[in-house]
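A.B. asks: okay, structure incoming, though there's no sequence with it:
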């Protein structure tokens with residue numbers, strides 16, 4: 001180990017000490033010509049001792065985190081009892097002076113933990129989605145909350161009945177915590193006043209019920225100065241959305257352009273030709289981060305009354321159940337689609353009478369023949385070079401051999417049709433299978 005590497009370990013590990021103070025020698029990473037041979041030998045011994053001490057501190061921190069596993073939501077307390085796998089989501093916009101060092105700290109702590117997922121860190125904060133055994137997954141949350149910058153971070157938790165929902169752990173520095181054309185590093189995300197006002201699930205429910213209240217006489221919305229904006233992808237809306245929300249005319253969030261059109265007659269833009277000072281914009285997404293990012297853009301565009309759903313749809317379903325919600329919730333992991341009962345089982349029976357639609361809702365349509373679907377779950381096109389995420393009925397799945405259209409059925413690289421809820425593996429698996437088949441032919 002070089003002195004530089006040892007010093008880096010020293011800087012990272014000090015933060016891990018759980019409520020302990022430790023006096024450590026101040027070490028110069030490189031000896032100068034003024035050092036005598038004996039001084040250099042002494043410093044090397046100090047460096048080794050320090051490294052061993054700090055390794056012990058990391059171990060203590062992990063041990064304490066595992067002992068005191070707890071989380072602020074009801075879902076996690078139930079899941080932590082059975083020791084099963086869970087999926088954890090959280091984000092926080094906060095200034096991080098040295099994000100590379102922060103990444104090193106997280107990687108050091110997670111050594112030995114069974115965690116898979118995506119954890120991205122940069123100067124604007126952190127964005128994380130990962131899976132693991134409940135004990136390991138929640139220990140990471142508790143360790144993070146020891147840092148005052150994340151002490152009150154909102155954490156979303158859901159069960160992962162089939163084990164890991166992600167193939168591996170990706171924990172690294174990323175220039176943009178959310179992918180958007182042009183990036184987001186220039187946005188004033190660290191200024192809460194430049195983002196939308198976050199509404200608690202109970203307040204969101206009240207607002208939504210008021211917006212969707214229909215006047216029997218005029219058959220029009222009673223609140224014309226309010227727009228419900230789904231800041232997700234169109235395919236997410238296809239399996240579930242809030243009652244009254246327009247389907248987003250985008251297949252990738254990075255190309256979202258609501259409220260940014262120069263022309264005010266864009267039919268696909270729900271924010272075109274609206275009064276920016278008087279219209280309330282209610283924005284929602286899965287976990288909240290996309291709304292926070294996009295609200296900063298709209299604020300810069302002059303929209304005054306911006307509101308987001310705190311914690312996103314997942315937090316809402318946990319607190320309020322499926323009131324005003326239709327269908328399932330799309331998630332970006334191997335589970336793909338979750339029914340509202342995943343977050344709050346008892347809520348399904350409590351909310352009868354509201355705009356509640358069961359898991360077997362017929363609002364969803366097959367992308368190929370437009371027939372009604374009862375299974376709210378996407379699949380990828382069998383054409384390796386297409387890979388489109390789409391909804392499909394059983395008959396079309398059979399007729400088109402798992403492809404999204406007739407053209408794809410004649411593509412040169414076709415994967416086998418997967419039965420049930422299986423997901424395709426990485427593309428190179430099928431490439432290697434094809435090469436192996438050709439070599440033995």
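C.D. replies: Structure received. Since this is a predicted model, take the numbers as computed values, not measurements.
A.B. asks: for residue 283, pull up the helix or strand it's in.
C.D. replies: For residue 283, the host element (DSSP states H and E) is strand 280-284.
A.B. asks: residue 121 now?
C.D. replies: strand 116-122.
A.B. asks: that strand pairs with which strands, parallel or anti?
C.D. replies: Here strand 116-122 is paired, per DSSP bridges, with strand 125-133 (antiparallel), strand 169-173 (parallel).
A.B. asks: quick one: mean pLDDT over that strand.
C.D. replies: The pLDDT scores in strand 116-122 average 98.
A.B. asks: wait, residue 378 touches residue 387, no?
C.D. replies: No. Applying C-beta atoms under 8 Å as the test, residue 378 and residue 387 come out as separate, 11.5 Å apart. (C-beta placed from N, C-alpha, C; glycine too.)
A.B. asks: these two: who's more crowded?
C.D. replies: residue 378 (19 against 14; other C-beta atoms under 10 Å).
A.B. asks: so how far is residue 411 from the residue lying closest to that one once chain neighbours are set aside?
C.D. replies: Of all residues not flanking residue 378 in the chain, residue 389 sits nearest, at 4.8 Å (C-beta to C-beta, 6 or more residues apart in numbering). According to C-beta to C-beta, to the nearest Å, residue 389 and residue 411 sit 17 Å apart.
A.B. asks: residue 299 too?
C.D. replies: Distance from residue 299 to residue 411, by C-beta to C-beta: 44 Å.
A.B. asks: more crowded one of those two?
C.D. replies: residue 299 (18 against 15).
A.B. asks: quick one: contacts for the more buried one?
C.D. replies: By C-beta atoms under 8 Å, 6 or more residues apart in numbering, the contact list for residue 299 reads 194, 195, 196, 306.
A.B. asks: thought the first one was touching residue 188?
C.D. replies: Yes. Under the contact definition of C-beta under 8 Å, residue 194 touches residue 188, with a separation of 4.2 Å.
A.B. asks: strands of the stretch 251-400 of the chain, start to end?
C.D. replies: Secondary structure of the stretch 251-400 of the chain (DSSP state E, counting those that start in this stretch): strands at 280-284, 305-309, 325-327, 329-330, 337-338, 379-380, 389-390.
A.B. asks: give me the sheet partners of the first one and which way each runs.
C.D. replies: For strand 280-284, the pairing partners within the sheet under DSSP bridges are strand 226-230 (parallel), strand 305-309 (parallel).
A.B. asks: not counting its own residues, what contacts the first one?
C.D. replies: Residues external to strand 226-230 that are found in contact with it (C-beta under 8 Å, 6+ apart): 207-208, 210-211, 236-237, 241-242, 244-248, 258, 270-271, 274, 279-285.
A.B. asks: what's the following helix or strand after it?
C.D. replies: Tracing the chain past strand 226-230, the next element assigned as helix or strand by DSSP H and E is helix 234-239.
A.B. asks: packing partners for that next one?
C.D. replies: Secondary-structure packing of helix 234-239 (3 or more C-beta pairs under 8 Å, 6 or more residues apart in numbering; DSSP states H and E): strand 329-330.
A.B. asks: name the residues that touch the strand it packs on?
C.D. replies: Contacts of strand 329-330 (C-beta under 8 Å, 6+ apart): 232, 235-236, 239-240, 286, 313-314, 317, 336-340, 342, 378.
A.B. asks: neighbouring strands for that strand, and are they parallel or not?
C.D. replies: strand 337-338 (antiparallel).
A.B. asks: returning to what we had before: any chance of TSV for the strands paired with strand 280-284, columns mean neighbour count and mean pLDDT?
C.D. replies: What follows is the strands paired with strand 280-284, written out as TSV (neighbours: other C-beta atoms under 10 Å; pLDDT from 0 to 100):
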stretch	mean neighbour count	mean pLDDT
strand 226-230	22	92
strand 305-309	23	97
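A.B. asks: how about those strands in a markdown table, adding distance to residue 96?
C.D. replies: Formatted as a markdown table, the strands paired with strand 280-284 follow (distance: least, C-beta to C-beta, whole Å):
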| stretch | distance to residue 96 |
| --- | --- |
| strand 226-230 | 29 |
| strand 305-309 | 22 |
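A.B. asks: look up the closest residue to residue 384, ignoring the ones flanking it.
C.D. replies: residue 413 (4.1 Å).
A.B. asks: check residue 132 too.
C.D. replies: Closest to residue 132 by C-beta to C-beta, 6+ apart is residue 115, at 4.4 Å.
A.B. asks: do I have it right that the one you found meets residue 138?
C.D. replies: No. Counting by C-beta under 8 Å, residue 115 does not reach residue 138; the two are 10.9 Å apart.
A.B. asks: which stretches of the stretch 251-400 of the chain have low pLDDT?
C.D. replies: 254-255, 257, 260-267, 345-362 (pLDDT under 70).
A.B. asks: nearest to residue 402 among the strands paired with strand 280-284 would be which one?
C.D. replies: Closest approach to residue 402 among the strands paired with strand 280-284 (C-beta to C-beta): strand 226-230, 28.3 Å.
A.B. asks: correct me if wrong: residue 190 contacts residue 122.
C.D. replies: No. If you go by C-beta under 8 Å, residue 190 and residue 122 don't touch, sitting 11.6 Å apart.
A.B. asks: so for these two, which residue has more residues nearby?
C.D. replies: Taking other C-beta under 10 Å, residue 190 and residue 122 do not tie; residue 122 has more neighbours (20 against 14).
A.B. asks: for the more buried one, give me its contacts.
C.D. replies: 96, 99, 173, 174, 175, 176, 177, 185.
A.B. asks: ok, now which ones touch the last one?
C.D. replies: Contacts here follow C-beta under 8 Å, 6+ apart; on that basis residue 185 touches 122, 123, 124, 175, 176.
A.B. asks: CSV for those, including distance to residue 203?
C.D. replies: Converted to CSV, the contacts of residue 185 look like this (distance: C-beta to C-beta, whole Å):
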residue, distance to residue 203
122, 31
123, 32
124, 27
175, 34
176, 30
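A.B. asks: what number of residues lie near residue 388?
C.D. replies: Neighbours around residue 388, by other C-beta under 10 Å: 16.
A.B. asks: tell me how far it lies from residue 207.
C.D. replies: 35 Å.
A.B. asks: next one: residue 250
C.D. replies: According to C-beta to C-beta, residue 250 and residue 207 sit 24 Å apart.
A.B. asks: do the same with residue 258
C.D. replies: 19 Å.
A.B. asks: also residue 276?
C.D. replies: 19 Å.
A.B. asks: those two: which has the busier surroundings?
C.D. replies: Taking neighbours as other C-beta under 10 Å, residue 276 and residue 207 compare with residue 207 leading, 19 against 14.
A.B. asks: beta-bridge partners for the closest residue to the more buried one other than its chain neighbours, please?
C.D. replies: Nearest residue to residue 207, sequence neighbours excluded (C-beta to C-beta, 6+ apart): residue 282, at 6.2 Å. Beta-bridge pairing for residue 282 (DSSP bridges): residue 228, residue 307.
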